[in-house]
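Enquirer: Quick one: sequence and predicted model below, then my questions.
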Protein chains: 2
Amino acid sequence: MDPMVSSFDVKGLPPRIKWLASETTQDWLEQAIGNPIEVLIDHANCERKAAGSALQLMFRYLCEPGLAEVLSPLVREELEHFERVLALLKSRGRYLEPLQAPPYAGALSKQIRKEEPERMLDTFLVAGLIEARSHERMGLLAVHSPDKELRHLYRDLLVSEARHFALYWKLAEDRFKKTLIASRLGELARVEAEILVDLHPEPRMHS
Amino acid sequence: MDPMVSSFDVKGLPPRIKWLASETTQDWLEQAIGNPIEVLIDHANCERKAAGSALQLMFRYLCEPGLAEVLSPLVREELEHFERVLALLKSRGRYLEPLQAPPYAGALSKQIRKEEPERMLDTFLVAGLIEARSHERMGLLAVHSPDKELRHLYRDLLVSEARHFALYWKLAEDRFKKTLIASRLGELARVEAEILVDLHPEPRMHS
């Protein structure tokens, strides 16, 4: 079987965000579909963490014009998704759990340079890449999950993930040269793909 | 002049939250009315910090049933307010500023005991008290501000502050004995009042 899942041949789904340097493997999809509730709990945690990271950016760059007014609605939307996933979990008799995070986000964050303005650029791009990968994988689950309710959930949510990627891209574009962004995003996307080469043994959105 | 401003004799305003151990002084009101934009910028920072604190609680007590589903909408509402205040600031040619925080929240947080479950109870009560004080002071500004737009803003926002107090109270009530809550809230409310006895020289919502 082809190791790459061509999720975006499927009609009605948005196209793959072109910046990802790899496609998700069939192995991940099988792992995720085999452990739908664990992935869902992990996804709730991811939405919460995405809200936390965006809010943290608002604190770090308090006076940066045009930032808080973009990030604050983003935080709210991440939390709306969190609440929706939580409601679905509860409807199935489950709740949030402190699942161990896979190495993904931590390894990506290590790529963020310490000095400004590089730190700001890298932070936007890493956040954008995580959104892009979530978007790609939710696209797969929206098509291949055997559970109709989960298919609908992921289909609804993934549209926002693509928008969030675009939002971080725009935040970067408003502040940095396009060639610089594209070159750095290329580097980070390669690292992102590298992190995912070996499937993490625990089923996660970013395993 | 009476050193206590009897804000809640004013018709149409919600009653004072009975747990506050003191009423705001005329001195504070004069300071706030004399520095409306500084107080507004400070208030935007307060809404952002309130969102941050509630989100932090969601991280700390991840698996506590009934907590995240209450706190997540609260965070969203704090951020809606933040965005509204920010929009008003921008309409007046201003933006967020890193104003030095008054000792208020820091001094109150020091009262939070380190061990569980006391830590959880105290955290709810301190958050509730801050909401209650914000509610009281916004009530004053909603009536006494000479700026019509600011009066309307504070009148709209203060209803939520009272609800947020009630929400933290309810979170406590669902988990602790009522007599225990009332007794601890009494202690904390006395400390809160004590912190505010000397007017902080810089105009702030909690100076």
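Expert: Cool, the structure landed.

Enquirer: ok, now which ones touch residue A:36?
Expert: By C-beta atoms under 8 Å, 6 or more residues apart in numbering or on different chains, the contact set of residue A:36 is A:145, A:147, A:150. Quick note: C-beta positions are derived from backbone N, CA and C, even for glycine.

Enquirer: neighbours of the last one, just the number please.
Expert: Neighbourhood size, residue A:150 [other C-beta atoms under 10 Å in any protein chain shown]: 18.

Enquirer: The spatially closest residue to it that is not a sequence neighbour and residue B:124, how far apart?
Expert: Counting by C-beta to C-beta, 6 or more residues apart in numbering or on different chains, the nearest residue to residue A:150 once its immediate chain neighbours are dropped is residue A:36, at 5.9 Å. Distance, residue A:36 to residue B:124, by C-beta to C-beta, to the nearest Å: 34 Å.

Enquirer: now residue A:53
Expert: From residue A:53 over to residue B:124 the distance is 25 Å, taken as C-beta to C-beta.

Enquirer: higher neighbour count, those two?
Expert: residue B:124 (26 against 19).

Enquirer: Can you give me the buried ones in the one helix or strand in chain A whose mean pLDDT sits lowest?
Expert: Taking mean pLDDT, DSSP states H and E as the measure, chain A has helix A:148-173 as its least confident helix or strand, at a mean of 92. The neighbour-count check on helix A:148-173 (16 or more other C-beta atoms under 10 Å in any protein chain shown) flags A:150, A:153-155, A:157-158, A:160-162, A:164-165, A:167-169, A:171-172 as buried.

Enquirer: ok, now which ones touch the residue most central in space within chain A?
Expert: By C-alpha atoms, centre = their mean, chain A has its centre lying nearest to residue A:131, at 2.9 Å. Residue A:131 is in contact with A:50, A:161, A:162, A:164, A:165, A:168, counting by C-beta under 8 Å, 6+ apart.

Enquirer: now do residue A:37
Expert: Here residue A:37 is in contact with A:89, A:92, A:94 (C-beta under 8 Å, 6+ apart).

Enquirer: Would you verify that it is located in a helix?
Expert: Yes - the assignment for residue A:37 is a helix, going by DSSP: H, G, I helix; E, B strand; the rest coil.

Enquirer: Residue A:150 versus that one, what's the distance?
Expert: Taking C-beta to C-beta, one finds residue A:37 at 9 Å from residue A:150.

Enquirer: now swap in residue A:140 and tell me
Expert: 12 Å.

Enquirer: go on, residue A:197?
Expert: Distance from residue A:197 to residue A:150, by C-beta to C-beta: 26 Å.

Enquirer: what do residue A:140 and residue A:150 both touch?
Expert: By C-beta under 8 Å, 6+ apart, no residue touches both residue A:140 and residue A:150.

Enquirer: just to revisit the earlier point, restricting to C-alpha, output whatever helix or strand comes next after the least confident helix or strand of chain A in PDB.
Expert: Next helix or strand after helix A:148-173 toward the C-terminus (DSSP states H and E): helix A:178-195. Extracted in PDB, the C-alpha atoms of helix A:178-195 (Å, rounded to 0.1, in the frame of the first residue of the first chain):
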ATOM      1  CA  LYS A 178       8.200  37.200   2.300                       C
ATOM      2  CA  THR A 179      11.400  35.600   1.100                       C
ATOM      3  CA  LEU A 180      12.600  35.400   4.600                       C
ATOM      4  CA  ILE A 181       9.400  33.800   5.800                       C
ATOM      5  CA  ALA A 182       9.300  31.300   3.000                       C
ATOM      6  CA  SER A 183      12.900  30.300   3.600                       C
ATOM      7  CA  ARG A 184      12.500  29.900   7.300                       C
ATOM      8  CA  LEU A 185       9.100  28.100   7.000                       C
ATOM      9  CA  GLY A 186      10.800  25.700   4.600                       C
ATOM     10  CA  GLU A 187      13.400  24.900   7.200                       C
ATOM     11  CA  LEU A 188      10.900  24.400   9.900                       C
ATOM     12  CA  ALA A 189       8.600  22.300   7.700                       C
ATOM     13  CA  ARG A 190      11.400  19.900   7.100                       C
ATOM     14  CA  VAL A 191      12.100  19.600  10.800                       C
ATOM     15  CA  GLU A 192       8.400  19.100  11.400                       C
ATOM     16  CA  ALA A 193       8.300  16.300   8.800                       C
ATOM     17  CA  GLU A 194      11.400  14.700  10.300                       C
ATOM     18  CA  ILE A 195       9.800  14.600  13.800                       C
END
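
Enquirer: mean confidence score for helix A:178-195?
Expert: Averaging pLDDT along helix A:178-195 yields 96.

Enquirer: Show residues contacting it.
Expert: Against helix A:178-195 from outside (C-beta under 8 Å, 6+ apart): A:19-22, A:103-104, A:107-108, A:111, A:121-122, A:125-126, A:128-129, A:133, A:169, A:172-173.

Enquirer: Please indicate which of those are buried?
Expert: Counted by 16+ other C-beta under 10 Å, the contacts of helix A:178-195 give A:19-22, A:104, A:108, A:111, A:121-122, A:125-126, A:128-129, A:133, A:169, A:172 as buried.

Enquirer: and which of those is nearest to chain B?
Expert: Taking C-beta to the nearest C-beta as the measure, chain B sits nearest to residue A:104 out of the buried ones among the contacts of helix A:178-195, at 18.4 Å.

Enquirer: The closest one and residue A:198 touch, don't they?
Expert: No - if you go by C-beta atoms under 8 Å, residue A:104 and residue A:198 don't touch, sitting 11.3 Å apart.

Enquirer: can you list the residues of chain A near chain B?
Expert: A:45, A:48, A:51-52, A:55, A:58-59, A:62-63, A:65, A:68-69, A:72-73, A:75-76, A:79-80, A:82-83, A:86-87, A:90, A:95-98 (C-beta under 8 Å from any C-beta of the partner chain).

Enquirer: Go again with 6 Å.
Expert: Contacts of chain A with chain B, taken as C-beta under 6 Å from any C-beta of the partner chain, map to A:52, A:55, A:62, A:63, A:72, A:75, A:76, A:79, A:82, A:83, A:96, A:98.

Enquirer: and those, which of them are in helices?
Expert: Those of the residues of chain A next to chain B mapping onto helices are A:52, A:55, A:72, A:75, A:76, A:79, A:82, A:83, per DSSP state H.

Enquirer: Same list, the residues you listed, but as TSV with neighbour count and pLDDT please.
Expert: Formatted as TSV, those follow (neighbours: other C-beta atoms under 10 Å in any protein chain shown; pLDDT from 0 to 100):
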residue	neighbour count	pLDDT
A:52	19	96
A:55	24	96
A:72	24	98
A:75	27	97
A:76	23	98
A:79	27	97
A:82	26	97
A:83	17	97
